[in-house]
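>>> mind looking at a prediction? Sequence and model below.
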Amino acid sequence: MITEKKVKKEKINEVKITLLAVSRNESLARAYVSAFAAGLDPTLDELADIRCAVSEAVTNCVVHAYKGWENPGKIYINARLYSDRTVTVEVSDRGCGIENIEMAMTPLFTTDKEGERSGMGFSVMKSFTDCVRVTSKPSGGTRVFMSKKFS
Ligand SMILES: Nc1ncnc2c1ncn2[C@@H]1O[C@H](COP(=O)(O)OP(=O)(O)OP(=O)(O)O)[C@@H](O)[C@H]1O
Ligand SMILES: [Mg+2]
């Protein structure tokens, strides 16, 4: 009798970084996660997808999470690589949180009143990764989990 052996997905690498929620750290976070994900030897397009998704999540922490705060808060990034060629990235903050996640994730929805935002950040994250999960607590912060399996 042939028994099917389930292949276990193993974590092969992990990195955690904490950054100040200022706009100059958007490109730093993007470059950092991209260099880390390159460890799975993805295509340039796949790497560009991760960069875009991370960029949107980090920008949201800079622009929305700590809006009105006297001093900028922090952005926590936790990235992992798995043996099945999956990369996962969690971007969290301890800022204002999101009251209605479903509404926030609707394309074109934005709370920006200055007309600088298009409300497409979450849509970009969704289209460039395989899975986006958002958890948030008003006044407690937001956590965005994304995962993508490379070819
Ligand atoms: N980390 C966060 N903390 C608090 N609110 C957030 C956070 N991320 C997103 N939001 C809320 O969700 C809304 C939608 O986010 P999304 O990234 O889709 O659009 P946007 O940031 O408004 O515009 P764009 O990303 O196109 O510049 C935001 O307008 C904001 O109200
Ligand atoms: Mg955004």
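Nice, I can see it. Ligands and ions are numbered 1, 2, ... in the order given.

>>> what pLDDT, on average, does stretch 84-97 get?
Stretch 84-97 shows a mean pLDDT of 98.

>>> what residues of it count as buried?
Residues of stretch 84-97 classed as buried by neighbour count (16 or more other C-beta atoms under 10 Å): 85-97. Just so you know, the C-beta spots here come from the backbone N, C-alpha and C atoms, and that holds for glycine as well.

>>> max pairwise distance over the residues you listed: which two?
The most widely separated members of the buried residues of stretch 84-97, counting by C-beta to C-beta, are Arg85 and Cys96 (35.6 Å).

>>> which ones among the buried residues of stretch 84-97 come in contact with ligand 1?
Asp93, Gly95, Cys96 (C-beta under 6 Å from any ligand atom).

>>> now, those residues that are in strands?
Residues of these located in strands (DSSP state E): Asp93.

>>> next one, pLDDT for Ile12 please.
Ile12 carries a pLDDT score of 97 in this model.

>>> contact partners for it?
Ile12 sits next to Gly39, Leu81, Tyr82, Ser83 when contact means C-beta atoms under 8 Å, 6 or more residues apart in numbering.
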